[in-house]
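Peer 1: Okay, structure incoming, though there's no sequence with it:
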């Protein structure tokens, strides 16, 4: 018999990560938009440029040309340089609803990026681990544009 708590755990995702960047909040936000957009990378750091229309209702998608591609989500909220929130299936091609938030705050001469990705869906085995690795790699790319903080 499957318990309700077990079933809910199987259907949900909740990732929270903090990353410190040695740069102004404005520069960090601009770098974040670039890394989610034209500088995006996929598995094994392979280039995977995306289009991020940085305004409410804007799309986040992969343009493969000739009207082909993948729609990852829609900008739900943006308040430069403090917040970017996207909702949609993201990189998942299965039944799922996702919300990803990037909240930035200045801390002296550094910026703290707090990523929160929540989702509800039918996750294949091992998929959650790959998501965590992917988000970590993306924020590390923002971090390495400036001086890396340990």
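Peer 2: Yep, that arrived. Keep in mind the model is a prediction, meaning the values are calculated, not measured.
Peer 1: Quick check: which ranges of this protein have low pLDDT?
Peer 2: 1-6, 147-150 (pLDDT under 70).
Peer 1: can I assume residue 138 is in contact with residue 39?
Peer 2: No - using C-beta atoms under 8 Å, residue 138 and residue 39 do not qualify as a contacting pair, with a distance of 9.7 Å. Where you see a C-beta, it was placed from the backbone N, CA and C, and this is true even at glycine.
Peer 1: Tell me which of these two has more neighbours.
Peer 2: The residue with more neighbours, out of residue 138 and residue 39, is residue 138; 21 against 17, by other C-beta atoms under 10 Å.
Peer 1: So what touches the helix or strand where that one lies?
Peer 2: Counting by DSSP states H and E, the element that carries residue 138 is helix 127-144. Applying C-beta atoms under 8 Å, 6 or more residues apart in numbering, the set of residues contacting helix 127-144 from outside is 13, 15, 17, 19-21, 28, 31-32, 35-36, 39-41, 45, 91-92, 113, 115, 117, 149.
Peer 1: try it again with 6 Å
Peer 2: Contacts with helix 127-144, where a contact means C-beta atoms under 6 Å, 6 or more residues apart in numbering, come from 13, 15, 19, 21, 31, 32, 35, 113, 115.
Peer 1: in that helix, what's buried?
Peer 2: Residues of helix 127-144 classed as buried: 128, 131, 134, 135, 138, 139, 141, 142, 143 (neighbour count, 16 or more other C-beta atoms under 10 Å).
Peer 1: and what of stretch 74-83?
Peer 2: Residues 74, 75, 76, 78, 81 are the ones in stretch 74-83 that count as buried (16+ other C-beta under 10 Å).
Peer 1: and which of those is nearest residue 124?
Peer 2: Nearest to residue 124 among those: residue 74, at 23.8 Å, using C-beta to C-beta.
Peer 1: so how far is residue 128 from that closest one?
Peer 2: Distance of residue 74 to residue 128, computed by C-beta to C-beta, to the nearest Å: 23 Å.
Peer 1: which ones are touching residue 106?
Peer 2: For residue 106, the set of contacting residues under the criterion of C-beta under 6 Å, 6+ apart consists of residue 25.
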